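Enquirer: what's the 3D shape of this:
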Amino acid sequence: MLNFNPSNIVSKSRTIGRRMFLISAVKGIVIFGVFARLVSLQITESNKYQSLSDRNRFREWKLAPPRGVIKDYFGKELATNEKIYQLHVTPENSDNIEGLFFKLKNILNLKEAKISSLKRKIKKQKPWEPIIISENLTWSEFSKINLYLHELPGAEPIVSVARVYLDDTFSHTLGYVSKVSVNDLKIKNI
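Expert: Sure thing, here's the model as predicted:
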C-alpha cells in the first residue's frame, strides 16, 4: 500500500518551487546580461563599429595614372616622371596621434604651424583616410622614417610618381588631358 503523507508532498512542492525560482532567476540574469551587452554595442560603441563597417564597405585609393615620357620632334624630353618620397599617416591606425606628431616633429623638423594645420585637416576627414604629412622628402628623411617606423604607428612611407615638365613654356599644353574635340581639330587645320 502506498503511503500518502501530506507533509512529504508539501516538502517536494517547496523543493520544486525553489528549483523553479533558481532556474527562472538564472534565466533572468542571462537575458539581462544579453540585453545589457546589446545596449552597450549599439549605443556606447556605435561610433567604433560604424567606422569599422564603413571601412569594410568602402576602400578609397587615390592612384596616379601611369603617364609616359613626352618628347619633342628632336627627341628632347619635355615631360617625364620622377620618383618622390612621401609620408602618409592614417589616424585610425595610430593610438596616440599627439605622440606620433611629437616624434615626427623631431625626425622631420616639422613646425608647429604645419602640425596644427594637419590636426585641423584630420578633424575634417574620415579617420581611415590617410593624410599626407610631407610630399617631397629627401632620401635622408625617407631613410630616417623607415629606420624609426616601428615607433611610428599609423605612419606609412610611400614612393610615388610626380610629373615633371622640363620646359615650362609647354607645361600647360602638355598637361592637358582630354579627348580631342571638333574645335581642337579645326584650330589645328587652320
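Enquirer: can you tell me which strand in the protein is longest?
Expert: Of all the segments of type strand in the chain, defined by DSSP state E, the longest one is strand 77-89.
Enquirer: May I have that strand as CSV, with CA atoms only?
Expert: Output in CSV follows, covering the C-alpha atoms of strand 77-89 (Å, rounded to 0.1, in the frame of the first residue of the first chain):
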residue,chain,number,x,y,z
GLU,A,77,62.2,65.3,-73.3
LEU,A,78,59.5,67.8,-72.5
ALA,A,79,57.7,65.9,-69.7
THR,A,80,58.8,62.9,-67.6
ASN,A,81,58.0,61.2,-64.4
GLU,A,82,60.1,61.4,-61.3
LYS,A,83,60.0,59.3,-58.1
ILE,A,84,59.1,61.3,-55.0
TYR,A,85,59.1,60.2,-51.3
GLN,A,86,56.0,60.9,-49.2
LEU,A,87,54.9,60.2,-45.7
HIS,A,88,51.2,59.3,-45.1
VAL,A,89,49.5,58.9,-41.7
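Enquirer: Enumerate residues external to the helix or strand following it that contact any of its residues.
Expert: Next helix or strand after strand 77-89 toward the C-terminus (DSSP states H and E): helix 97-108. Residues from elsewhere that reach helix 97-108, judged by CB atoms under 8 Å, 6 or more residues apart in numbering: 87, 89, 91, 94, 110, 115, 118-119, 122, 133-134, 137, 141, 144-145, 148, 151-155. All C-beta atoms are positioned from the backbone trio N, CA, C, and that covers glycine.
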